[in-house]
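Novice: what would the 3D arrangement of this be:
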Amino acid sequence: QVQLVESGGGSVQAGGSLTLSCVYSGDTASRYFMGWFRQAPGKEREGIAHIGSGGSTDYADSVKGRFTISKDNAKNTLYLQMLSLKPEDTAMYYCAAVSPPGSLNQRDYAYWGQGTQVTVSS
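Specialist: Okay, the predicted model is just below:
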């Protein structure tokens, strides 16, 4: 079992920045493949950033170059640094985990946090 708790969401103006955090706990959680997902009102949930246990990363085109995913196993925390935010980044953001070897398919993710809201105004 892996437990995930997100924080760091809020309201910012376009061009601003936020850093989301996701504290994870549970046996062997540090070995899990983890990701950030988001869901805007009326839209399907999408994966935007993923990180493997070895530190390899993958990003959706919509956030590439603006968002950075990172993980600090010493602090049991997953981060999502978001720069140059746009109104279209407004969504509920979730962190999630899947057991090794990992996956980019959100249907494979067994563990989810409760979400944190990000609102970007123009």
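Novice: surely residue 106 touches residue 44?
Specialist: No - using CB atoms under 8 Å as the test, residue 106 is too far from residue 44 to be in contact (9.5 Å). The way it works is simple: take the backbone N, C-alpha and C, and place the C-beta from them, glycine included.
Novice: show me which of these two is the more surrounded one.
Specialist: Neighbour tally, residue 106 and residue 44, criterion other CB atoms under 10 Å: the higher count belongs to residue 106, 17 against 7.
Novice: for the more buried one, give me the pLDDT.
Specialist: pLDDT for residue 106: 92.
Novice: tell me the contacts of it?
Specialist: For residue 106, the contact set (CB atoms under 8 Å, 6 or more residues apart in numbering) comprises 35, 37, 45, 47, 96.
Novice: kindly report the same for residue 63.
Specialist: 48, 49, 82, 89.
Novice: pLDDT and distance to residue 8 for those - can I get that in a markdown table?
Specialist: As requested, the contacts of residue 63 are exported to a markdown table (pLDDT from 0 to 100; distance: CB to CB, whole Å):
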| residue | pLDDT | distance to residue 8 |
| --- | --- | --- |
| 48 | 97 | 15 |
| 49 | 97 | 14 |
| 82 | 98 | 9 |
| 89 | 98 | 14 |
